[in-house]
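got a sequence here, can you model it:
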Amino acid sequence: MRRRGLSARLRLTLSYAALVVVVGAILLAVVFVFLLRYVPEGNIVVLQPGSGSAIAPDRNDLLAAFVPAATLACAALFALGMLGGWFLAGRVLRPLTEISDAARRAASGSLSHRIGSTGPHDEFRDVADTFDAMLTRIERNVAGYRRFAADASHELRTPLATTRAILDVAAADPDVDTGTLVARLSAANDRAVAVTEALLLIARTDAAPPERTTVDLALVLEDAVETFAGLAESRGTALHLGAQPAWVSGNEPLLLHLAANLVQNAVVHNTGAGGWVRASTDATGAHATLTVENTGRRLTPEDVALLTEPFRRGEGRTRSADHAGAGLGLAIATSIVDALGGTLTLVPRADGGLVATARFPAVPAPTTDD
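Numbering: from 1, shown residues only. The predicted structure follows:
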């Protein structure tokens, strides 16, 4: 075990005291060099007109009187430097002590404590404020991950429990319809696979920054609309596409997931026959946008704020044969947009439904050679 060295406060105190002693010694040395060296050695007789002579102190006499006084002065300066240095070091290091205390509490699992520094706006205040902001983000992320893990466990338990129940029923009934059994097992398995793949996609997106290329959001959205055109038609939902070139620096597979999730969410959670979905891209100024608007039930701002949380389906959002949703579509979209440096905005429509807008920094369109 390594032995603990001197504390920072003691080192600063010794430094302050040493600095005071050195400055005092320099001043005393100046007195000696520029004054005492001009005083001759030996008996100095001073002749005074009319009153005889007198003996003046020589260099040795002055040194005999000066050195003890100078030594005492240096000792006093050292003591004063230690006292003042200990006080000043404590004042200077107080923010670090508060940061260290907050770090120990965070290491023990208490993420709610904040430093709340109220001192002057200096480097230590900046470090304390940055540390508080870091703790706030860590606390929010940890709470989100815990909630996410709990929800994920619940969602994965559902298809597994369904599979076990189906097998138990099949084992108790030797005349069970094999085709129906296989279909139900397949549906439960598809549900588990979909949830697992969605969780892995979110984990990969959050873990490392994706590779980027220049991508046209219009082409990405066209692929997504083409994919879900059949689903929209089967539900009686009109699907409109208005794609203008909108180039961004992004990852094409992730942007395909983003567009697909937004379009699928708009189709599945629509009003059905008579409903519509409008998907469009545009580039205005420094931003490129991908917007998906759909009809549906009326949503409040409170409802919309919860839609991007994992496994949130909202009132009236149920699974159907063509959509065994896990409630991860908008959570995946949010994760992708954050990873690519964009923003996802969800706004409820006054007549019912939702407007989802993904906004990214626009880049110039590639040249023909590119």
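
so for the strand or helix carrying residue 71, mean pLDDT?
Assigned by DSSP states H and E, residue 71 falls within helix 59-107. For helix 59-107, the mean per-residue pLDDT is 77.

okay, which residue is most central for the chain?
With distances taken as Cα atoms, centre = their mean, residue 137 lies nearest the centre of the chain, 5.5 Å away.

now for residue 225: which residues touch it?
For residue 225, the contact set (Cβ atoms under 8 Å, 6 or more residues apart in numbering) comprises 239, 241, 263, 279. In short, each C-beta sits where N, CA and C put it, glycine included.

read off the pLDDT value for the last one.
Okay, so that is residue 279. pLDDT, read off for residue 279, is 95.

following the helix or strand containing it, which helix or strand comes up?
In this assignment (DSSP H and E), residue 279 forms part of strand 276-284. Using DSSP H and E, the next helix or strand after strand 276-284 towards the C-terminus is strand 287-294.

list the contacts for residue 277?
The contact partners of residue 277, taken as Cβ under 8 Å, 6+ apart, are 232, 237-240, 263, 266-267, 270, 292-295.

closest one of the residues you listed to residue 185?
Distances from residue 185 to those, taken as Cβ to Cβ, are shortest for residue 267 (27.1 Å).

chain neighbours aside, what residue packs nearest to the closest one?
residue 232 (4.8 Å; Cβ to Cβ, 6 or more residues apart in numbering).

the one you found reaches residue 239, doesn't it?
Yes - in this structure residue 232 lies within contact range of residue 239 using Cβ atoms under 8 Å: 4.2 Å.

before we move on, the earlier item: JSON lines for the contacts of residue 277, including distance to residue 76, pLDDT and neighbour count?
Output for the contacts of residue 277, formatted as JSON lines (distance: Cβ to Cβ, whole Å; pLDDT from 0 to 100; neighbours: other Cβ atoms under 10 Å):
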{"residue": "232", "distance to residue 76": "91", "pLDDT": "89", "neighbour count": "22"}
{"residue": "237", "distance to residue 76": "91", "pLDDT": "91", "neighbour count": "22"}
{"residue": "238", "distance to residue 76": "93", "pLDDT": "92", "neighbour count": "14"}
{"residue": "239", "distance to residue 76": "90", "pLDDT": "92", "neighbour count": "23"}
{"residue": "240", "distance to residue 76": "89", "pLDDT": "93", "neighbour count": "12"}
{"residue": "263", "distance to residue 76": "83", "pLDDT": "91", "neighbour count": "29"}
{"residue": "266", "distance to residue 76": "82", "pLDDT": "91", "neighbour count": "28"}
{"residue": "267", "distance to residue 76": "86", "pLDDT": "90", "neighbour count": "26"}
{"residue": "270", "distance to residue 76": "87", "pLDDT": "88", "neighbour count": "25"}
{"residue": "292", "distance to residue 76": "80", "pLDDT": "95", "neighbour count": "26"}
{"residue": "293", "distance to residue 76": "81", "pLDDT": "95", "neighbour count": "19"}
{"residue": "294", "distance to residue 76": "83", "pLDDT": "94", "neighbour count": "26"}
{"residue": "295", "distance to residue 76": "87", "pLDDT": "93", "neighbour count": "21"}
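
quick one: common contacting residues for residue 232 and residue 239?
267, 277.

what segments of the chain are strands?
Under the criterion DSSP state E, the chain contains strands at 44-48, 52-56, 213-216, 238-243, 247-250, 276-284, 287-294, 343-348, 354-361.

how close does residue 216 get to residue 11?
In this view, residue 216 and residue 11 are 60 Å apart by Cβ to Cβ, to the nearest Å.

coming back round to it: in its sheet, what does the strand holding residue 279 sit against?
strand 238-243 (parallel), strand 287-294 (antiparallel) (DSSP bridges).

what's next to the shortest one, contact-wise?
Right, strand 238-243. 217-219, 221-222, 225, 228-229, 232-233, 263, 267, 275-281.

write the ChimeraX selection for whichever of the residues you listed are buried.
To isolate the buried members of the contacts of strand 238-243 in ChimeraX, using 16 or more other Cβ atoms under 10 Å:
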select :217,218,219,221,222,225,228,232,263,267,275,276,277,278,279,280,281
